[in-house]
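A.B. asks: Take a look and give me a structure for this.
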Amino acid sequence: GVSSAASDVYKRQGFVGTAISPYYAEEQEVRKNSEAHLKKILENFDVELISFHKTIFSKDDSVEAENLLKNKVDFLLIQTSSCSSGEQLYPLCNISSKIGVWAVPDIEKEGGVKLHSLVSTSHYLGIIKKTLSKRKIKTKWFYNYADTDEFKNKFLITVKSLIAQKKLKQSRIGLIGGISPGFDNMIVDNDKIKQNIGTIIDEATILELVDKAKNFKQSIIDEEIKKIKNAATDITVSDDDSFNKVTRVYFALKQMREENNWDSLAVQCWSQFQELYGIAPCMAYGWMGSEDGIAVSCEGDVQGAISMLLLNYISNTEKSSTLLDLATFDREADAVLMWHCGVSPRHFANEDGIKWVDHSTLGRKTEKKYGIAGDQVFKAQSSTTTYLGNNAERLLVLNSEIFNHTNKGYDGTRGWFKETKLNRLNISAENLINTLNMIGHEHHYAVGQGNHSKELLEFAAWNDLKLIDEIPLVDYISPKDNESNNFVI
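C.D. replies: So this is what the prediction gives:
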């Protein structure tokens, strides 16, 4: 990938196995085999596994492991390789505030018990949650051997959510031009965001961006325009020079990102671009998403840029997520139309592909047209919608099926979403809209391909983020309905 503030971040994970001598952890090589399998699972991820070199049989062994791993790992996996003693746990709990406790099954189903691992996992979790409750250690428990799907699936959710957490903590967002006029619900408190998830926000101006845009060699621009035009199934842009200008904006965004080490960008798209450069920049933002895998949120939405980045980190894909509005809903289909003016990357499109068009609303009812926006209907696919709202203290977690509706939706980049789940529980379109309106949600949504709701919920758990609970639609308000949106910015 392209270098950025978070591009070289590795998650370091510790692994230890505990046992006591009357059991058969060593004879069955439980810890040794597990370490080999863990390494294999983690091959494709930005994770360094640091394992303690022997099975822990005493408190002294635990202290040795503590000295090796303390302050070196983001997460500690403790396998009760067999029955273990309580005193072995305490030094290990000094290593990390995020701990996995892992039980394995006995091979023999009857007769003398050889491992008795599950009992010690339960014992250890009891100590952490009761005896050490003041420490607020976060835990997740695992079961089965590391070469089983049962273990792998559960473990990979943890790996992905913790990688995303660590990368977001090291990320920098470039906010260019501030918010679009009046979008005051998108204003953020940079200090609170840093406190909640660690992300840093830098600011620059549209004027800087436009100045850079004017300085690229025409030959570089012309070469990219060929690719951009070839990618479209149709082009109806009034002023062909828009291709020149918007492509220059694309290169200027890339250059500013690289110079400042930004991981994603939040860029105002109206009104300064129209005043200073006579264009709509949507195509440049979408092209960054499809060709470079870089999240660019429009309208200067910083939380949107962070939310898109979160989805990109969790999905581990080279194609970026997108940012949309919830435009309308269809009661009969129990579906919502997710839409934006023309900014979604082309990899979302159905077989009709992406068309390059004039912006559908900027300059409307006047003689002036502004290019270039995209026009596409999304292909049928599973999707995840998220948003780190209220200065990144709460997380919206939705997953839906995008489907082929007979209604094509409003001009722009859009798709119809049905079978929506909030926090993995079914929610109707009406109740979803009601919930979002009641809490004063910031009206933007980061949308990615595939279902990553499990990883997002776990990300929220490791980060102490609030979730959004369903508020069913009724035709009156009650006193508590006005508590939920009384937060102070």
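A.B. asks: where's the closest residue to G86 other than its chain neighbours relative to S120, distance?
C.D. replies: Spatial nearest neighbour of G86, chain neighbours left out: I127 (6.0 Å); criterion: Cβ to Cβ, 6 or more residues apart in numbering. Just so you know, the C-beta spots here come from the backbone N, C-alpha and C atoms, and that holds for glycine as well. Relative to S120, I127 is positioned 10 Å away (Cβ to Cβ, to the nearest Å).
A.B. asks: With L42 instead?
C.D. replies: In terms of Cβ to Cβ, L42 sits 24 Å off from S120.
A.B. asks: Settle it for me: which of these two has more neighbours?
C.D. replies: Higher neighbour count among L42 and S120: S120, with 27 against 17, using other Cβ atoms under 10 Å.
A.B. asks: quick revisit: what's the pLDDT at the residue nearest to G86?
C.D. replies: The per-residue pLDDT reported for I127 equals 98.
A.B. asks: Correct me if wrong: it contacts S84.
C.D. replies: No - assessed by Cβ atoms under 8 Å, I127 is found out of contact with S84, at 11.0 Å.
A.B. asks: wait, K129 sits on K136?
C.D. replies: No - the criterion here is Cβ under 8 Å, and K129 misses it with K136 at 10.2 Å.
A.B. asks: what helix or strand does the residue lying farthest from the centre of the chain sit in?
C.D. replies: Distance from the centre of the chain peaks at G111, with 48.0 Å (Cα atoms, centre = their mean). For G111, there is no host helix or strand (DSSP states H and E).
A.B. asks: cool, K32 as well?
C.D. replies: Going by DSSP H and E, K32 is in helix 30-42.
A.B. asks: Give the other helices and strands that the helix or strand harbouring Y124 contacts.
C.D. replies: Per DSSP H and E, Y124 falls inside helix 117-126. Secondary-structure packing of helix 117-126 (3 or more Cβ pairs under 8 Å, 6 or more residues apart in numbering; DSSP states H and E): strand 75-80, strand 98-103, strand 138-143.
A.B. asks: Turn these into a markdown table, including mean neighbour count and mean pLDDT.
C.D. replies: Shown next, in a markdown table, are the helices and strands packed on helix 117-126 (neighbours: other Cβ atoms under 10 Å; pLDDT from 0 to 100):
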| stretch | mean neighbour count | mean pLDDT |
| --- | --- | --- |
| strand 75-80 | 27 | 98 |
| strand 98-103 | 23 | 98 |
| strand 138-143 | 17 | 98 |
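A.B. asks: residue contacts, E108?
C.D. replies: K114 (Cβ atoms under 8 Å, 6 or more residues apart in numbering).
A.B. asks: Could you tell me the phi and psi values at it?
C.D. replies: When quoted as degrees, to the nearest 10, the phi and psi of E108 stand at phi -80, psi 140.
A.B. asks: Among I127 and S84, which residue is more densely surrounded?
C.D. replies: Higher neighbour count among I127 and S84: S84, with 28 against 16, using other Cβ under 10 Å.
A.B. asks: And the more buried one, how far from N261?
C.D. replies: According to Cβ to Cβ, S84 and N261 sit 45 Å apart.
A.B. asks: For the helix holding Y124, buried residues please.
C.D. replies: S117, L118, S120, T121, H123, Y124, L125 (16 or more other Cβ atoms under 10 Å).
A.B. asks: ok, D149 - how many residues close by?
C.D. replies: Residues within reach of D149, counting by other Cβ under 10 Å, total 8.
A.B. asks: who's in contact with it?
C.D. replies: By Cβ under 8 Å, 6+ apart, no residues touch D149.
A.B. asks: now swap in the one 10 residues further on and tell me
C.D. replies: Applying Cβ under 8 Å, 6+ apart, one finds that V159 lies in contact with K11, Q13, I41, L42, F45, V47.
A.B. asks: For it, what are phi and psi?
C.D. replies: The phi/psi pair for V159 (degrees, to the nearest 10) is phi -60, psi -50.
A.B. asks: pLDDT at it, what is it?
C.D. replies: On pLDDT, V159 comes in at 97.
A.B. asks: Correct me if wrong: T435 contacts E470.
C.D. replies: Yes - counting by Cβ under 8 Å, T435 does reach E470; the two are 5.5 Å apart.
A.B. asks: Need the overlap of contacts for these two.
C.D. replies: The contact sets of T435 and E470 overlap at L422, I427 (Cβ under 8 Å, 6+ apart).
A.B. asks: okay, the two: which has more neighbours?
C.D. replies: Counting neighbours by other Cβ under 10 Å for T435 and for E470 shows that T435 has the greater number, 20 against 15.
A.B. asks: And the pLDDT at the closest residue to the more buried one other than its chain neighbours?
C.D. replies: Sequence neighbours aside, I471 is the residue nearest to T435 in space, at 4.5 Å (criterion: Cβ to Cβ, 6+ apart). Listed pLDDT for I471 reads 96.
A.B. asks: can you tell me which residues contact I471?
C.D. replies: I471 touches N431, N434, T435, M438, I439, D481, S484, counting by Cβ under 8 Å, 6+ apart.
A.B. asks: helices or strands up against the strand or helix carrying G17?
C.D. replies: Using DSSP H and E, G17 sits in strand 11-18. The contact analysis (3+ Cβ pairs under 8 Å, 6+ apart) places strand 11-18 against helix 30-42, strand 47-51, helix 59-69, strand 75-80, helix 89-92, helix 149-169.
A.B. asks: how much distance is there from the first one to the middle of the chain?
C.D. replies: Taking Cα atoms, centre = their mean, to the nearest Å, one finds helix 30-42 lying 27 Å from the centre of the chain it belongs to.
A.B. asks: Go ahead and name everything in contact with that helix.
C.D. replies: The contact list for helix 30-42, computed with Cβ under 8 Å, 6+ apart, reads 13, 15, 17, 19, 25, 49, 51, 55, 77, 79, 81-82, 104, 115, 117, 145-147, 152, 155-156, 159.
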